[in-house]
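> Build me a structure from this.
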Amino acid sequence: MPELPDVTVYVERLAAKVIGQPIRGIRIPSMFVLRTVEPAPKDLIGAKVTSVERLGKRIIIGVDGDRFIVIHLMIAGRLRWKPSAAGDEIAKLPGKLALAGFDFPTGTLVFTEASGKKRASMHLVHGRAALAEFDRGGLDVLTATTKQFAERMRSERHTVKRSLTDPTLFDGIGNAYSDEILWAAQMSPFRMTSALDDAELKALHTAAKHQLILWTDRMRAEVGDGFPDKVTAFRPEMAVHGKFGEPCPRCGTKVQRIVYADNEANYCATCQTQGKLLADRSLSRLLKEDWPKTLEELENRRTSTK
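Modelled structure (predicted):
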């Protein structure tokens, strides 16, 4: 799922391309994506874009008449920018992947989803007050003080990873960047928030700000004056996310992972859990006492099976 760095760059580049431009057409080949009936898409034709903003992981496009297009990419949703062709020819939408297309004089914003689950959504609403419905209330860690961050982290008793990725607690952080934040803070993803002391919370807040700024700046540099057409949660420069079995860039230990529900946590046992292996629920239940507790036990078993 696109997270704060990805959505921030989407917003910046989209704003550069469409603010002040009139909407020449709205094409919606997949009507399920539109979750509202008022205003109707045709009512926005001819209206100029006045703003492009981020609200959590949502992208908000403001147009004349105090109206807003609210786009939630969810896991597999993406945006593409297709520059205008010669003459008045409009860009073709990409077959089954296309959810919607917004035509402007300079190009077409294409909203796609590469998944059969169809979770991405679009709402059209009247008035800024209507945007409150989409605000999950998460704290912006980039603007928050360490005190505010600590208070929010301690407000509910969860694992640190769950709290970081809860949109009602923190804004814009998902599975990928929470892995990177926890690696940078050298903290176990399963550490309980109630057990964190002031120094650990300060270090975690510092790591969160550093990682989110680092990745936002990297994406800005990659995109330049273009558009982020390739947004992925798995990037070669990442330390642990998506790097199962690869060496930790800090200590060289192989990255471990645990899988739960539709997500996974990637971590370095040496850097984050004092050499202890976190238990994957399904495998640990299956193996019970045979589940290795440490890296040393894991390596011994690998050696013995060769």
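> just checking, what packs against the helix or strand hosting residue 183?
Assigned by DSSP states H and E, residue 183 belongs to helix 175-184. Counting contacts by 3 or more C-beta pairs under 8 Å, 6 or more residues apart in numbering; DSSP states H and E, helix 175-184 packs against helix 160-164, helix 198-223, strand 263-267, helix 269-272. Glycine gets a C-beta too; all of them are placed from N, C-alpha and C.
> Which pLDDT value belongs to residue 15?
The model reports residue 15 with a pLDDT of 98.
> Now do it against residue 183, distance only.
Going from residue 15 to residue 183 by C-beta to C-beta, to the nearest Å gives 32 Å.
> Assign a three-state SS to residue 79, would you?
State at residue 79, reduced to three classes by DSSP: H, G, I helix; E, B strand; the rest coil: strand.
> show me the contacts for it.
10, 14, 59, 71, 73, 109, 110, 111, 112, 227, 228 (C-beta atoms under 8 Å, 6 or more residues apart in numbering).
> now swap in residue 185 and tell me
Residue 185 sits next to 200, 203, 204, 206, 207, 208 when contact means C-beta under 8 Å, 6+ apart.
> And the furthest pair within those?
Maximum pairwise distance in the contacts of residue 185, criterion C-beta to C-beta, is 12.4 Å, between 200 and 208.
> the more surrounded of these two?
residue 208 (25 against 17; other C-beta atoms under 10 Å).
> quick one: pLDDT of that one?
98.
> One more: residue 96?
87.
> so residue 264 sits right up against residue 175, yeah?
Yes. If you go by C-beta atoms under 8 Å, residue 264 and residue 175 touch, sitting 7.3 Å apart.
> so how far does stretch 30-43 reach from one end to the other?
In stretch 30-43, first residue to last residue: 18 Å (C-alpha to C-alpha, to the nearest Å).
> how about that stretch: buried residues?
30, 33, 34, 39, 41 (16 or more other C-beta atoms under 10 Å).
> Walk me through the domains of the protein.
Following automatic domain parsing, one finds the domains of the chain at 4-134, 146-299.
> so what's residue 208 up against?
Residues in contact with residue 208 (C-beta under 8 Å, 6+ apart) are 141, 149, 164, 173, 181, 185.
> How about the nearest residue in space to residue 278 that is not next to it in sequence: which residues does it bridge to?
Excluding its sequence neighbours, the residue lying closest to residue 278 (C-beta to C-beta, 6 or more residues apart in numbering) is residue 258, at 5.0 Å. The residues listed as beta-bridge partners of residue 258 by DSSP bridges are residue 265.
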